[in-house]
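Colleague: Sequence and computational prediction follow.
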Amino acid sequence: MVTFFACVAALILGYFIYGRFVEKTFGVDASRRTPAYTLEDGVDYMPLPRWKVLFIQVLDIAGIGPIFGPILGALYGPIALVWIVIGCIFAGGVHDYFSGMLSIRNNGGSIPEVVGDFLGMPARQAMRIFSVVLLMLVGVIFVLAPAKLLTGLTGIDTQVFIFAIFGYYFLATILPIDKVIGKIYPILGALLLITTVATVVALMVGGYEILPNLDITTNVHPGDKPIWPLLFITLSCGAISGFHSTQSPLMARCVKNEKDGRSVFYGAMILEGIIGLIWATVGLSFYKSPEALSAVIAAGSPSAVVAEASNALLGPIGGFLAILGVIVLPITSGDTAFRSTRLILAETFKVSQSQTMKRLMIAVPLFILGFIISKQNFGMIWRYFGFSNQALATMVLWASAVFLARELKNHWIASLPATFMTAVVVTFILQAKIGFGLAIGISTGIGVGVAVALLSLFVLKASGMRMKKEASPCMD
């Protein structure tokens, strides 16, 4: 129990100490007018209260990731907790903060446009493709997962819920952001936080041994899957997730003041990390062994773990509310996934979104494609999502590092996590079956080599920028 609370305390301290350091490094300007005012259109751009923006951001970025990811990560043992804490503070928080703040500085631009400004047109085009693919995968995953959970609660056929959720997504995608998302998200956010905290409290008072195994040096995965690099792909939300960078611009268009960025972007990541810690702890403590946890996952996916643990810990009514809180997460991220896709495509093809018909021109084909994808194998969709997600996060971190280097600021807060994530994604795609299927030793060697080479090249470029800028006064 002490270890769990120590992890939570570390995340909270990370917000107040490292989050403030990141904010200071970026250099907020409280007098600068944000896009919520300069581009207010009553649809996507509008000023909203900070507390409401924070709640929306948490629900936008969370999805099933901080629940399913930590549950799957728990199969590797308590090392999952270490990754959540370190990843959240030093990688995920930095990633989310810069994706949001750079969007604010770029007139609320979507993440491909932001990255393109710092990494060039090839990166912009690659980010457009990566972002749209990722968001479509997220949108579909976040239809299937809650539909299955709702079927388990009600016994109603899953297809009925799939159609119903797609219908809600469609409305949330085309309506002004304050009409649906702005009104119901605070209520749903409160439900999520209350039921999540109630679950871990019930675990602690229910006679369960909390985190019985604290050996982080031993891989206990029943399938003997390697921690490197799979843990860092599987457990993304709660530590670092590229999906967040596609969502941050939605709230960058609604933030009233740049000084709100730390609580809205970095703070939302910390809250997601705490949710991830809770569900990883449930996975490590509710079941007597990784094999028992694995058996439940194999029989019904992580959603079966959520249902079983919630009902056992909170009883029928409490379990129902807890599962409902979990259902909220993917639905409130799926709708904004489609909304973000609409905005990215609108920016790419220069289509104004102030008129309903022009929003429908993009939204209708998107939902037809999303429904077709939903008919594919869930496991395959999830594997491609994992790689795309972390590859996107890596590119955003490198773009953040370039911004800091250009401003002659401490780029290491972004370039170091970018280097680590580069090694992760390159190693993964080289050794994975959906990639090149190389041996793990060869894949790791190449992955680390590519990461070190990129960092070395970046440091040389950054040094050149600094020397040029410092010499420029002498040249005038």
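Modeller: Received the coordinates, thanks. Note that the coordinates shown come from a computational prediction; the quantities given were computed from them, not determined experimentally.
Colleague: Could you use CA atoms for every contact and neighbour count after this?
Modeller: Fine.
Colleague: How far off centre is the top helix by length along the chain?
Modeller: Counting by DSSP state H, the longest helix found in the chain is helix 290-348. Here helix 290-348 is found 14 Å from its chain centre; the criterion is CA atoms, centre = their mean, to the nearest Å.
Colleague: Dump whichever helix or strand comes after that helix to CSV, restricted to CA.
Modeller: As assigned by DSSP states H and E, the chain's next helix or strand after helix 290-348 is helix 356-373. Written as CSV, here are the backbone C-alpha positions of helix 356-373 (Å, rounded to 0.1, in the frame of the first residue of the first chain):
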residue,chain,number,x,y,z
THR,A,356,-22.7,22.8,-41.1
MET,A,357,-22.8,21.5,-44.7
LYS,A,358,-19.0,21.8,-45.0
ARG,A,359,-18.5,19.9,-41.7
LEU,A,360,-20.9,17.2,-43.1
MET,A,361,-18.8,17.0,-46.3
ILE,A,362,-15.9,15.7,-44.3
ALA,A,363,-17.7,13.9,-41.4
VAL,A,364,-20.0,11.6,-43.5
PRO,A,365,-17.2,9.9,-45.5
LEU,A,366,-15.2,9.6,-42.2
PHE,A,367,-17.9,7.7,-40.4
ILE,A,368,-18.5,5.4,-43.4
LEU,A,369,-14.8,4.5,-43.3
GLY,A,370,-14.9,4.1,-39.6
PHE,A,371,-17.8,1.7,-39.7
ILE,A,372,-16.0,-0.4,-42.3
ILE,A,373,-12.8,-0.6,-40.1
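Colleague: what comes up buried for the helix or strand that contains residue 445?
Modeller: Element membership for residue 445 (DSSP H and E) is helix 440-475. For helix 440-475, the neighbour count (16 or more other CA atoms under 10 Å) marks 440, 443-444, 446-452, 454-455, 458-459, 462, 465-466 as buried.
Colleague: Under the pLDDT cut-off, which ranges of the stretch 101-250 of the chain? List them.
Modeller: In the predicted model, the stretch 101-250 of the chain carries pLDDT under 70 at residues 182.
Colleague: try it again with 80
Modeller: Applying pLDDT under 80 to the stretch 101-250 of the chain flags the ranges 127, 130, 133-135, 137-142, 144-145, 148-149, 152-153, 177-193, 195.
Colleague: do the same with the stretch 301-450 of the chain
Modeller: Using pLDDT under 80, the flagged stretches of the stretch 301-450 of the chain are 301, 303, 318, 321-336, 353-356, 363, 366, 369-386.
Colleague: rerun at 90
Modeller: Within the stretch 301-450 of the chain, the stretches with pLDDT under 90 are 301-307, 310-311, 314-389, 392, 433-435.
Colleague: Double-check residue 398 against residue 412; I have them as touching.
Modeller: No - between residue 398 and residue 412 there is no contact under CA atoms under 8 Å: 10.4 Å.
Colleague: higher neighbour count, the two?
Modeller: residue 398 (27 against 14; other CA atoms under 10 Å).
Colleague: ok, and the closest non-adjacent residue to that one?
Modeller: The shortest distance from residue 398 to any residue other than its chain neighbours is 5.7 Å, reached at residue 418 (CA to CA, 6 or more residues apart in numbering).
Colleague: What is the helix or strand hosting the one you found packed up against?
Modeller: According to DSSP H and E, residue 418 maps onto helix 412-431. Packed against helix 412-431 by the contact rule (3 or more CA pairs under 8 Å, 6 or more residues apart in numbering; DSSP states H and E) you find helix 93-105, helix 227-234, helix 378-406, helix 440-475.
Colleague: pLDDT value on residue 470, please?
Modeller: Note on residue 470: pLDDT of 73.
Colleague: Could you measure from it over to residue 406?
Modeller: For residue 470, the distance to residue 406 equals 12 Å [CA to CA, to the nearest Å].
Colleague: do the same with residue 454
Modeller: 17 Å.
Colleague: how big is the angle separating the helix holding residue 418 from helix 440-475?
Modeller: 150 degrees (axes from the mean of the first three to the mean of the last three CA atoms, to 10 degrees).
Colleague: Residues in contact with helix 412-431: which ones?
Modeller: 22, 90-91, 94-95, 228-230, 232-233, 387, 390-391, 393-395, 397-398, 400-401, 435-440, 443-452, 454-455 (CA atoms under 8 Å, 6 or more residues apart in numbering).
Colleague: What residues of it count as buried?
Modeller: Buried residues in helix 412-431 (16+ other CA under 10 Å): 413-431.
Colleague: One more: stretch 22-35?
Modeller: For stretch 22-35, using 16+ other CA under 10 Å, the buried residues are 22-23, 26, 28, 34-35.
Colleague: what about that stretch, start to end distance?
Modeller: End-to-end for stretch 22-35, by CA to CA: 22 Å.
Colleague: pLDDT of that stretch, averaged?
Modeller: Per-residue scores along stretch 22-35 average to 97.
Colleague: Just the mean pLDDT for stretch 66-79, thanks.
Modeller: 92.
Colleague: got the end-to-end distance for that stretch?
Modeller: End-to-end distance (CA to CA), stretch 66-79: 16 Å.
Colleague: Distance from the chain centre to that stretch, please.
Modeller: For stretch 66-79, the gap between its own C-alpha mean and the chain's C-alpha mean amounts to 15 Å (CA atoms, centre = their mean).
Colleague: now do stretch 239-249
Modeller: On CA atoms, centre = their mean, the centre of stretch 239-249 falls 4 Å from the chain's centre.
Colleague: cool, stretch 219-233 as well?
Modeller: 20 Å.
Colleague: And stretch 67-83, by the same measure?
Modeller: 16 Å.
Colleague: Over to stretch 251-267?
Modeller: Distance, centroid of stretch 251-267 to centroid of chain: 16 Å (CA atoms, centre = their mean).
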